[in-house]
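Novice: Compute the structure for the input listed below.
(one chain, ligands or ions: 1)
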Amino acid sequence: MSHHKALITGGSSGIGLDLARRLAGEGTHLVIASLIKEEVASASANLKKDFPNINVEAIHMDLSVASEVNRLVDLCNEKHQDIDLLVNNAGYGLYGNFKTLSLERQLNMVDLHIKSVMKLSYELLNLKSFPALKSIINLSSISAFQPNPRFATYGASKAFLYNWSRSLAEELIAMKRNIHVLTVCPTPVRTQFQENADMGKSKLYDSWLTIEVGTVTKDIMRALKRRKKMIVPGRRFHMLHKVVSRFPESWRIFLSKDALKEKRG
Ligand SMILES: NC(=O)c1ccc[n+]([C@@H]2O[C@H](COP(=O)([O-])OP(=O)(O)OC[C@H]3O[C@@H](n4cnc5c(N)ncnc54)[C@H](OP(=O)(O)O)[C@@H]3O)[C@@H](O)[C@H]2O)c1
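Specialist: Have a look, this model is predicted:
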């Protein structure tokens, strides 16, 4: 299924930007909303240069702030009622112990990963002016599947998103709304995320669990077309998840703790 216009939060970098490029390649117009003005402007300029037939609207806003999410909803209602794909992708990580990380940054993360996603999805699902909405993609993480010491708030917010997104998918099927919801749970992906989360100290991104952004977005596009409900990108990681999810919780905590250890030396 192809889409006419996509709203991608966090569409200026990493997974969001690569997905924007793939969608633009299929003729989908874009609205991207991200935090840093210069990043959004540069992503938008490059997209317009590479895909001259595609309309790109780029907005910079802090989506962890409720009034900013309202501003985005108003803008969509005024100018982009033809959005038929919503990609809830904006996010960041914070590596470290709950007790020592900034509480404010952790609460902002919860607002961004949970409240803004709920608000945006609710409004686009309920506004009369959005009859076109066909698909929603929610970026969760493999952190959703077990407790994650040193990544506690991040993992817990992605666990919320995972469960909420999977439930929403089933509710919309039961309501015969014909809106497909895809939940995406990547293993570590090399993007700006790693540096922003201060994960250089951890050994996670040096491990065999890491996947390239192009593989993630290729799998998302395939899953979107096949109306899959949930993917762990990378075939071997999808299989691995099926096996690991059967392990006792204490084993899964052990594995997560080990993966999130600090590097030696
Ligand atoms: N990379 C990984 O290892 C990994 C693994 C599993 C899941 N994920 C999830 O995948 C999604 C995309 O991550 P990524 O790897 O592509 O990271 P990324 O390259 O750092 O991109 C994150 C995007 O989110 C935007 N963003 C961050 N805070 C925002 C805010 N308060 N308001 C608006 N936009 C904000 C950023 O905007 P600016 O660039 O303007 O700051 C950027 O466009 C996230 O939800 C992440 O949790 C990532």
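Novice: Isn't residue 90 up against residue 112?
Specialist: Yes - with contacts counted by C-beta atoms under 8 Å, residue 90 reaches residue 112, the gap being 6.1 Å. C-betas here are computed from N, CA, C, even on glycine.
Novice: Quick check: phi and psi on residue 233?
Specialist: Listed backbone geometry of residue 233 is phi -60, psi 150, with angles given as degrees, to the nearest 10.
Novice: interface residues of the stretch 101-250 of the chain facing the ligand?
Specialist: Remark: the part of the stretch 101-250 of the chain in contact with the ligand comprises 112, 139, 141, 186, 188, 189, 191, 192, 193, 196, using C-beta under 6 Å from any ligand atom.
Novice: Run a quick neighbour tally on residue 55.
Specialist: Using other C-beta atoms under 10 Å, residue 55 has 14 neighbouring residues.
Novice: which residues touch the residue lying closest to it once chain neighbours are set aside?
Specialist: If you skip the residues right next to it in sequence, residue 55 has residue 29 as its closest partner in space, 4.4 Å away by C-beta to C-beta, 6 or more residues apart in numbering. Under the criterion of C-beta atoms under 8 Å, 6 or more residues apart in numbering, the contact partners of residue 29 comprise 4, 5, 6, 54, 55, 56.
Novice: out of the residues you listed, which are inside strands?
Specialist: With DSSP state E as the criterion, strands contain 5, 6, 56 from among those.
Novice: how about the contacts of residue 29 in JSON lines, adding pLDDT?
Specialist: As requested, the contacts of residue 29 are arranged in JSON lines below (pLDDT from 0 to 100):
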{"residue": "4", "pLDDT": "97"}
{"residue": "5", "pLDDT": "97"}
{"residue": "6", "pLDDT": "98"}
{"residue": "54", "pLDDT": "97"}
{"residue": "55", "pLDDT": "97"}
{"residue": "56", "pLDDT": "98"}
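Novice: For the residues you listed, which ChimeraX command selects only the ones that are buried?
Specialist: In ChimeraX syntax, the buried subset of these is picked out as below (16 or more other C-beta atoms under 10 Å):
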select :5,6,54,56
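Novice: Mind picking the one among the contacts of residue 29 that's closest to residue 132?
Specialist: Proximity of those to residue 132 (C-beta to C-beta) peaks at residue 4, which lies at 7.1 Å.
Novice: Next one: the closest one from the ligand, what distance?
Specialist: Computed as C-beta to the nearest ligand atom, to the nearest Å, the residue 4 to the ligand distance reads 22 Å.
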